[in-house]
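Enquirer: Below: sequence and its predicted model.
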Amino acid sequence: MSTATGAHILVYTYPASGHIIPLLDLTHRLLRRGHTITVVVLPTDLPLLQPLLSFHPSSLHPLVLPAPERPTPSWKSRMAKDQARRDLHYPLLLNWFHSHLSPPIVIISDFFLGWTHHLAKQLGLPRVIFSPSGASGLSVLFSLWRDLPKNEDPEDMNFQVLFPRIPNSPVYPWWQLPHRYKNSKEGDPDWQFNKNNMLDNFASWGLVVNSFTELERVYLEHLSTELGHDRVWAVGPLLPLEDDAIGSSNRGGSSSIPCEQVMTWLDSRPDSSVVYVCFGSRTTLNTKQMDVLVSALDQSGVQFIFCVRGSDDRHVGLDDDIGVIPDGFEGRVEGRGLVIKGWAPQVAILRHRAVGAFLTHCGWNSVLEGITAGVVMLTWPMGAEQFANAKLLVDELGVGIRAGESVENIPESSELARLLVESVSVTRPERVRVKGLSDASLGVIKGGSSDKDLDEFVERLTR
Ligand SMILES: O=c1ccn([C@@H]2O[C@H](COP(=O)(O)OP(=O)(O)O[C@H]3O[C@H](CO)[C@@H](O)[C@H](O)[C@H]3O)[C@@H](O)[C@H]2O)c(=O)[nH]1
């Protein structure tokens with residue numbers, strides 16, 4: 001299956017920063033092992049690939065495929081857009097493979113691209129699922145689409161959904177289930193597409209998860225049992241490597257404050273004294289959430305960096321109500337707080353010794369970046385599988401403190417202010433635990449279990 005210069009691999013990203021970033025980090029690791037990689041991206045996501053392209057100019061090849069044209073009126077849902085993309089890309093990829101002199105021997109694609117299983121099958125190739133989410137979150141997602149739990153009382157958003165087969169038998173109220181599941185009706189085209197797309201993952205050849213054994217052993221074993229094979233590899237945390245020239249600073253867009261200025265600001269702060277606040281690449285706060293947070297930052301007196309996302313094409317605010325920073329706030333907190341509008345250099349900020357805590361929406365990349373950096377996490381999940389991630393951080397790993405839950409549980413500002421202060425206290429037990437996990441997370445990618453899994457994965461591919 002391999003050539004002297006390594007295997008040719010096709011990596012197909014799902015167009016969302018939280019999905020693309022870790023898959024590109026995996027791509028980087030595979031390239032460093034001597035493989036040739038073609039990465040499928042949309043034109044709008046090409047900038048995310050640029051740093052990697054300059055690092056591996058001869059072995060990395062972008063395959064830029066067009067986005068489907070936006071119909072009028074616009075797509076009714078994200079799933080409709082996903083279907084339109086599949087319909088457009090499937091034949092383009094098939095042609096591309098047939099006309100390539102030395103086509104890829106495997107397709108690695110995001111779990112939201114289950115349909116690529118059929119493409120791979122038609123081409124006689126293995127398809128590997130890439131999970132940018134952790135094994136616990138993926139277990140919930142897989143279980144949902146396979147078992148299809150129903151809300152017996154559609155009015156009751158607190159209806160309890162049981163997951164008895166998943167380790168620790170989690171239970172989630174209906175409102176905490178992923179939007180894709182709870183908001184589409186059985187039998188609708190969206191629902192059918194999602195279901196097929198998810199179930200196609202079960203039929204795929206292998207699974208690579210952005211996690212590590214020491215963090216999620218029982219869930220990784222569970223996934224292997226559910227899939228019915230042992231081709232499950234945990235290769236995380238996928239992060240830009242410390243010694244690489246590929247910075248994380250601008251990969252997602254522009255920022256109101258240059259990275260160097262943020263670092264200089266942090267340089268002048270004591271160790272573990274700053275709270276970093278960010279809700280990922282797509283989530284915006286609504287007015288009530290923003291008011292509470294701003295007021296808590298005001299009352300707490302803590303030093304902080306607050307990254308604020310505005311509304312753009314990709315935002316997934318909980319409704320059209322988007323909270324804004326009130327006039328005068330930035331002036332009031334000058335010297336103690338930095339407000340970054342746009343894209344923050346998150347990995348660099350979290351790695352700085354001055355940062356001690358992270359108020360996060362618990363997107364999986366943020367979770368891993370926080371753990372690796374050894375900061376205490378204040379959890380405020382907003383959607384997707386983030387409630388499962390928060391549960392893991394707080395109840396199982398003991399490195400997180402519950403702060404809020406979406407719009408359903410918005411904390412009182414005085415309570416949030418207290419938690420902000422607590423999160424940077426040296427006496428919190430979460431601080432000791434997260435330092436231990438941080439050491440473990442660095443060990444696994446420096447010759448430990450994740451390096452071994454990646455080696456084994458490559459060995460199985462090229463056997
Ligand atoms: O200003 C910013 C904002 C984000 N990031 C980076 O962007 C990524 C964000 O990823 P994540 O924390 O996982 O959040 P989302 O963007 O919300 O990720 C989506 O994808 C994840 C992976 O599947 C899921 O866990 C989440 O629930 C889903 O919302 C991370 O690498 C961050 O470091 C920055 O560098 N600067």
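Expert: Good, I have the coordinates.
Enquirer: and the residue of the stretch 1-150 of the chain nearest the ligand?
Expert: G18 (2.3 Å; Cβ to the nearest ligand atom). Where you see a C-beta, it was placed from the backbone N, CA and C, and this is true even at glycine.
Enquirer: Next: the stretch 301-450 of the chain.
Expert: G363 (2.2 Å).
Enquirer: Find the residue closest to that residue in space, skipping its chain neighbours.
Expert: Once flanking residues are discounted, G363 sits nearest to G280: 4.1 Å by Cβ to Cβ, 6 or more residues apart in numbering.
Enquirer: neighbours around that neighbour, how many?
Expert: Using other Cβ atoms under 10 Å, G280 has 22 other residues around it.
Enquirer: contacting residues around it?
Expert: G18, T360, H361, G363, N365, S366 (Cβ atoms under 8 Å, 6 or more residues apart in numbering).
Enquirer: can you list those residues in a markdown table and add secondary structure and distance to P149?
Expert: Below are the contacts of G280 laid out as a markdown table (DSSP: H, G, I helix; E, B strand; the rest coil; distance: Cβ to Cβ, whole Å):
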| residue | secondary structure | distance to P149 |
| --- | --- | --- |
| G18 | helix | 25 |
| T360 | strand | 28 |
| H361 | coil | 24 |
| G363 | coil | 24 |
| N365 | helix | 27 |
| S366 | helix | 27 |
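Enquirer: What is the most widely separated pair among those?
Expert: The span of the contacts of G280, defined through Cβ to Cβ, is set by G18 and T360 at 12.2 Å.
Enquirer: neighbour-wise, which of the two wins?
Expert: T360 (31 against 19).
Enquirer: still on that earlier bit, can I assume the residue of the stretch 301-450 of the chain closest to the ligand is in contact with Q386?
Expert: Yes - assessed by Cβ atoms under 8 Å, G363 is found in contact with Q386 at 6.4 Å.
Enquirer: Using PDB, write out every CA atom in stretch 76-83.
Expert: Below are the C-alpha coordinates for stretch 76-83, written out as PDB (Å, rounded to 0.1, in the frame of the first residue of the first chain):
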ATOM      1  CA  LYS A  76     -33.200  25.700   6.000                       C
ATOM      2  CA  SER A  77     -30.500  24.100   8.100                       C
ATOM      3  CA  ARG A  78     -26.900  23.200   8.500                       C
ATOM      4  CA  MET A  79     -27.800  19.700   7.500                       C
ATOM      5  CA  ALA A  80     -29.300  20.900   4.200                       C
ATOM      6  CA  LYS A  81     -26.000  22.600   3.500                       C
ATOM      7  CA  ASP A  82     -24.100  19.400   4.400                       C
ATOM      8  CA  GLN A  83     -26.200  17.500   1.900                       C
END
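Enquirer: Please point out which parts of that stretch sit buried.
Expert: S77, M79, A80, K81, D82, Q83 (16 or more other Cβ atoms under 10 Å).
Enquirer: Strands of the stretch 301-450 of the chain, residue ranges please.
Expert: 303-308, 337-341, 355-360, 376-379, 400-402 (DSSP state E, counting those that start in this stretch).
Enquirer: where's the first one relative to the chain centroid, distance-wise?
Expert: Counting by Cα atoms, centre = their mean, to the nearest Å, strand 303-308 is centred 20 Å from the centre of its parent chain.
Enquirer: what does the second one give?
Expert: Distance of strand 337-341 from its chain centroid, counting by Cα atoms, centre = their mean, is 23 Å.
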